[in-house]
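J.: just need the structure, nothing else, for what follows:
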Amino acid sequence: MNKRNKILSLFGIKNNVELQQYANDSVEKNKEVVLEAIKRNGSAFHYAIDSLQKDKEVVLEAVKQFGLILNYVDDSFKKDKEVVLEAIKRYGYAFNYAGWFIKKDKEFVLEVVKQNGIAFEYADDLLKKDREVVLEAVKQNGYVLQYADDTLRKDKELILNAVKNNIFVYRYINNGILSGKEFNEFFPTIQLRKKILSNMIMHRFKYHHGLNIDTEPFYPYGECQGGGLYCTTEEHINKFSNKEYGKKIWKVTIPDDAQVYIEGPDKLKADRLIINEL
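T.: Residues are numbered from 1 along each chain as shown. Purely as a prediction, here's the structure:
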């Protein structure tokens, strides 16, 4: 399909009699048509003529609709803070395609990560050592703490901000391993739950009211491995089927002397759990 027909298709011109006035051989040169096509589908940018692909108004509209377009714009726009910021609002990974110089600009990067924390992954390495930048990034998206410099990934305030809305972010911190005491300090309000079959046996372990201590050595690695008693959060408990895990839901507490592994994205395990009826 040639550029003219692609623009017409994305614009929807073939289905709209009122737009037939634009159906001429140079439609891909018509800024009004190209802008309208881009508003409907950001990928229309690819089919505009070169002069329109270098028009800032057209570029801004394209990245607003589809941030990844930043990868394909003229290099001058990859250094344009207004264009880059618009791209990142919709698609944080677009910061990967921004000019190297603005990735070093602390004030701009602070503005960027406040809009979309995911962009932090592509900030200059020096800014990944900057506590102020890291703090703003993890406030917006806790998962990006994994991209901070090692010297900051154990910072308690940064961790607390990173895990505030999702405890499973911790799987990217210290390999997801922490003590029961640390768990209770980091997540004082979390509601843990567990489904158990009616015979109280799960994976050859017999549960009972109160403290349960696993008979296998604790193994804080991988996924769905032995060496730990599993539970989840109240938010995720219904992801686990009644047929496989049982209908009854139990309240779970992790003692301070436990070893804990945040396996994620929806479960964790410890070498000991306290279970009680809701």
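J.: mind listing what the closest residue to Val73 other than its chain neighbours touches?
T.: Nearest non-adjacent residue to Val73, counting by Cβ to Cβ, 6 or more residues apart in numbering: Val59, 5.3 Å away. The way it works is simple: take the backbone N, C-alpha and C, and place the C-beta from them, glycine included. Neighbour list for Val59: 45, 53, 69, 73-74, 77, 83 [criterion: Cβ atoms under 8 Å, 6 or more residues apart in numbering].
J.: Val59: helix or strand, and which one exactly?
T.: Val59 is part of helix 56-65, with elements assigned from DSSP states H and E.
J.: for that helix, buried residues please.
T.: 58-65 (16 or more other Cβ atoms under 10 Å).
J.: please apply the same query to stretch 116-132.
T.: So, applying 16+ other Cβ under 10 Å, buried residues of stretch 116-132: 116-124, 127-128, 130.
J.: against Tyr91, how distant is Asn276?
T.: Asn276 sits at a distance of 45 Å from Tyr91 (criterion: Cβ to Cβ, to the nearest Å).
J.: for the two, work out which one has more neighbours and name it.
T.: Tyr91 (20 against 10; other Cβ atoms under 10 Å).
J.: just checking, the more buried one touches Phe66?
T.: Yes. Shown here, Tyr91 and Phe66 form a contact pair, counting by Cβ atoms under 8 Å, at 7.3 Å.
J.: show me where this structure has helices.
T.: 3-11, 31-40, 50-53, 56-65, 75-78, 81-90, 106-115, 131-140, 156-162, 180-186, 242-245 (DSSP state H).
J.: nearest to Ile173, of those?
T.: helix 156-162 (6.0 Å; Cβ to Cβ).
J.: give me the contacts around the closest one.
T.: Residues contacting helix 156-162 (Cβ under 8 Å, 6+ apart): 131, 134-135, 138-139, 142-145, 148, 152-153, 169-170, 173, 186.
J.: just the buried residues of that helix, please?
T.: Buried residues in helix 156-162 (16+ other Cβ under 10 Å): 158-159, 161-162.
J.: now do stretch 145-152
T.: Applying 16+ other Cβ under 10 Å to stretch 145-152 flags 145, 147-148, 152 as buried.
J.: so which of the residues you listed is the closest to Phe218?
T.: Using Cβ to Cβ, the buried residues of stretch 145-152 come closest to Phe218 at Leu145, 24.3 Å.
J.: in terms of pLDDT, where does the closest one sit?
T.: On pLDDT, Leu145 comes in at 93.
J.: nearest residue to it in space, please, no chain neighbours.
T.: Closest to Leu145 by Cβ to Cβ, 6+ apart is Ala162, at 4.3 Å.
J.: then Val63?
T.: Ala87 (3.9 Å).
J.: mind listing what that neighbour touches?
T.: Counting by Cβ under 8 Å, 6+ apart, Ala87 has contacts 63, 67-70, 94-95, 97-98.
J.: now with 7 Å?
T.: 63, 67, 70, 94 (Cβ atoms under 7 Å, 6 or more residues apart in numbering).
J.: for Gln146, same thing?
T.: Applying Cβ under 7 Å, 6+ apart, the residues near Gln146 are Tyr172.
J.: quick one: which of the contacts of helix 156-162 has the most company?
T.: Going by other Cβ under 10 Å, Val138 tops the contacts of helix 156-162 with 29 neighbours.
J.: sorry, back to before: distance of the residue nearest to Val63 from Lys181?
T.: 43 Å.
J.: list buried residues within the contacts of Val59.
T.: Using 16+ other Cβ under 10 Å, the buried ones in these are 45, 53, 69, 73, 77, 83.
J.: just give me the closest of those residues to Ile262.
T.: Distances from Ile262 to the buried ones among the contacts of Val59, taken by Cβ to Cβ, are shortest for Ile69, at 36.4 Å.
J.: wait, the closest one sits on Val63?
T.: Yes. If you go by Cβ atoms under 7 Å, Ile69 and Val63 touch, sitting 5.2 Å apart.
J.: which positions within stretch 42-58 qualify as buried?
T.: Quick answer for stretch 42-58 (16+ other Cβ under 10 Å): 42-45, 47-49, 52-53, 55, 58.
J.: show me how far it is from its chain's centre.
T.: Here the centre of stretch 42-58 is set off from its chain's centre by 29 Å, with Cα atoms, centre = their mean, to the nearest Å.
J.: so how far does that stretch reach from one end to the other?
T.: 10 Å (Cα to Cα, to the nearest Å).
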